[in-house]
Every structure is written in C-alpha cells, then in structure tokens.
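Novice: Please find the sequence and the predicted model below.
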Amino acid sequence: MDRKKADKAQTIRPARSGRRPLLATGLAIAVVAAALVGYWAYRAAADLPGVKLVDRTATRPKVAHFDWADTGSRLHVTFLDKGDGRSLAAVQHARLADAAEADRMRAHWRAALAALKTHLENGAADA
C-alpha cells in the first residue's frame, strides 16, 4: 500500500466549529465478513472491560452502531466482504472529547483490529 493510501486509511478529522473529533481506521482480514460479524461483539467486550456499548441501529451483517455509554461517543463498525475469503473491518469512532482522546482511541482500535485479524486468520473463526 503506498503512503497516500495508508494515510487515507488512518485518519483523524479535527474538530470544526464545535464538533468533536472523529477517527477512522480499517484493516483487511483474510476471513469472510460473516466470521467478523459473529466475533466482533465478543471481541469488543473482551477488549474493553468495564465499557458499556449500547446497540443502536444495525444493518447486519454489514454495519453495527453503538453508543459508548460512559463517554457519549459513538462507535460505527463496518464489515465489507471483498470476495475470495477476504473482508475489510473498519471502525469509526465519533464524538470523541478531544484530539488526545482521538489519538489514544486510534491506537486502541489499530491494536484491536490487528489482534482480531491475527486471531481469526489463525483458525479461530470457527470458535
């Protein structure tokens, strides 16, 4: 992936006129989207102990939206089937308090997606 595409895939949009920061990150994973959807809620809960994610609307198996109860931020997770047993998992975390929180959460979601990728690509998709 060239640098321009990599920069576009990992973005933080600064707050504008009263808006709170938004971050977006994604990762291609060599499993079908259905495996991602089935595993996401469990993995997110395990990675975020003490955090209450409240389901909002969802268009399963493609998109899930959550309210992060304690902070008022919103989490949007998108799963895109790319064919040939590959998928894209994308996380968008909106309504973050400030740029520092956006940086912290971007690092968290990058690590969480990398762990999810490793776990599912090593045969745990059937678990």
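Specialist: Arrived safely. Residues are numbered from 1 along each chain as shown.
Novice: Going by C-alpha atoms from here, please, whenever you check contacts or count neighbours.
Specialist: OK.
Novice: Just want the most central residue of the chain.
Specialist: residue 91 (2.5 Å; Cα atoms, centre = their mean).
Novice: wouldn't that residue be in contact with residue 109 here?
Specialist: Yes. At 7.3 Å, residue 91 counts as touching residue 109 under the criterion of Cα atoms under 8 Å.
Novice: Identify the contacts common to these two.
Specialist: residue 25 (Cα atoms under 8 Å, 6 or more residues apart in numbering).
Novice: So which residues of this protein form strands?
Specialist: Taking DSSP state E as the criterion, the chain contains strands spanning 11-13, 22-29, 53-59, 63-68, 73-83, 86-94.
Novice: Using CSV, list the CA coordinates for the fifth one.
Specialist: In CSV, the C-alpha atoms belonging to strand 73-83 read as follows (Å, rounded to 0.1, in the frame of the first residue of the first chain):
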residue,chain,number,x,y,z
SER,A,73,-19.1,8.9,21.9
ARG,A,74,-20.4,6.6,19.1
LEU,A,75,-18.8,3.6,17.5
HIS,A,76,-19.6,2.6,13.9
VAL,A,77,-18.2,-0.8,12.7
THR,A,78,-18.4,-1.7,9.0
PHE,A,79,-17.7,-5.2,7.5
LEU,A,80,-17.2,-5.4,3.8
ASP,A,81,-16.9,-8.8,2.0
LYS,A,82,-14.1,-8.4,-0.6
GLY,A,83,-14.5,-11.9,-2.0
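Novice: residues of that strand that come out buried?
Specialist: 73, 74, 75, 76, 77, 78, 79, 80, 81 (16 or more other Cα atoms under 10 Å).
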